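Trainee: Sequence plus the predicted model coming up.
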Amino acid sequence: MKSRFDAVNEVYYPYVKRHLGNNPLQNILTCGGSAESVNIELERHEHLQYENIFHYELIDNQIHYDEVVKDNILCPESPIQSVNLIYADIGGGKTCYDKMMEDDIEEGVIKILDNGFINNNLGILVFLYFDGTVIEPFLDKQYGDYKSKDFFSKDITWYDKYNKGTHSQRLDGVVFYERF
């Protein structure tokens with residue numbers, strides 16, 4: 001059975017490729033502030049051409065680098081502009097869930113989209129959410145003037161060789177285009 005990384009990428013890569021092609025990207029947002037998390041996301045995105053990758057983390061003791069953004073990727077206080085790709089792999093247990101849910105996700109997604117489309121050369125924002133906190137799917141809807149397109153939700157199953165067990169988690173994906 002596949003590792004978590006490979007099982008996610010089996011769905012992730014074709015979806016990203018279908019919508020973003022081989023175009024050079026501006027900014028990518030990911031989750032995780034630990035050395036392992038940052039390195040995994042750098043490896044996951046190494047085949048893409050991009051200007052910047054930003055790693056978000058809510059839990060202080062998981063931030064191992066000054067460059068990690070301490071913020072809620074789903075409802076950021078200071079959203080990033082010109083974003084083409086978001087991969088929000090959110091876990092972290094109850095502490096992370098409680099901090100994440102303090103903010104309004106719908107308001108956060110509108111803020112992400114409003115800023116993500118500022119000077120967005122492609123006019124596309126691909127958003128994938130890997131649900132490790134067990135919240136209901138939230139991407140398949142309209143946010144202000146932004147309508148989601150090509151939504152999918154799929155359970156990803158992998159084998160964890162360290163804990164010697166099989167796990168499953170939901171991966172949602174959606175594409176947003178500039179306002180219609």
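Mentor: Good, I have the coordinates. Everything quoted here is computed from the prediction, not taken from an experiment.
Trainee: Can you find which strand in this structure contains the most residues?
Mentor: As assigned by DSSP state E, the longest strand anywhere in the chain is strand 146-160.
Trainee: If you count neighbours, what's buried in the helix or strand that that one is followed by?
Mentor: Per DSSP states H and E, the first helix or strand lying C-terminal to strand 146-160 is strand 165-177. Across strand 165-177, burial judged by 16 or more other CB atoms under 10 Å covers 169-177. C-beta here means a position set from N, CA and C on the backbone, and glycine is covered the same way.
Trainee: One more: stretch 130-141?
Mentor: 130-133, 138-139.
Trainee: Between its first and last residues, what's the separation in stretch 135-149?
Mentor: Taking CA to CA, to the nearest Å, stretch 135-149 runs 20 Å from one end to the other.
Trainee: same thing with stretch 138-148?
Mentor: The separation between the terminal residues of stretch 138-148, taken as CA to CA, is 10 Å.
Trainee: hmm, who's touching it?
Mentor: With contacts defined as CB atoms under 8 Å, 6 or more residues apart in numbering, stretch 138-148 is touched by 105-106, 109-110, 113-114, 127, 129, 151, 153, 172-177, 179-180.
Trainee: so what does the helix or strand of the chain with the lowest mean pLDDT touch, helix or strand wise?
Mentor: Scoring the helices and strands of the chain by mean pLDDT, DSSP states H and E places helix 93-101 at the bottom, with a mean of 74. Of the remaining helices and strands, none touches helix 93-101 by 3 or more CB pairs under 8 Å, 6 or more residues apart in numbering; DSSP states H and E.
Trainee: Now the element after it, going C-ward?
Mentor: Next along the chain after helix 93-101, taking DSSP H and E as the criterion, comes helix 105-116.
Trainee: Give the rounded mean pLDDT of the next helix or strand after that next one.
Mentor: Counting by DSSP H and E, the element after helix 105-116 in chain order, helix or strand, is strand 124-131. Average pLDDT, strand 124-131: 96.
Trainee: between strand 124-131 and helix 105-116, how many degrees?
Mentor: Interaxial angle, strand 124-131 versus helix 105-116 (axes from the mean of the first three to the mean of the last three CA atoms, to 10 degrees): 150 degrees.
Trainee: Quick one: residues in contact with strand 124-131.
Mentor: Contacts for strand 124-131 (CB under 8 Å, 6+ apart): 8, 12, 15-16, 19-20, 83-90, 112-113, 116-117, 137-139, 156, 169-177.
Trainee: Could you rerun that using 6 Å?
Mentor: 16, 19-20, 83, 85-89, 116, 170-177 (CB atoms under 6 Å, 6 or more residues apart in numbering).
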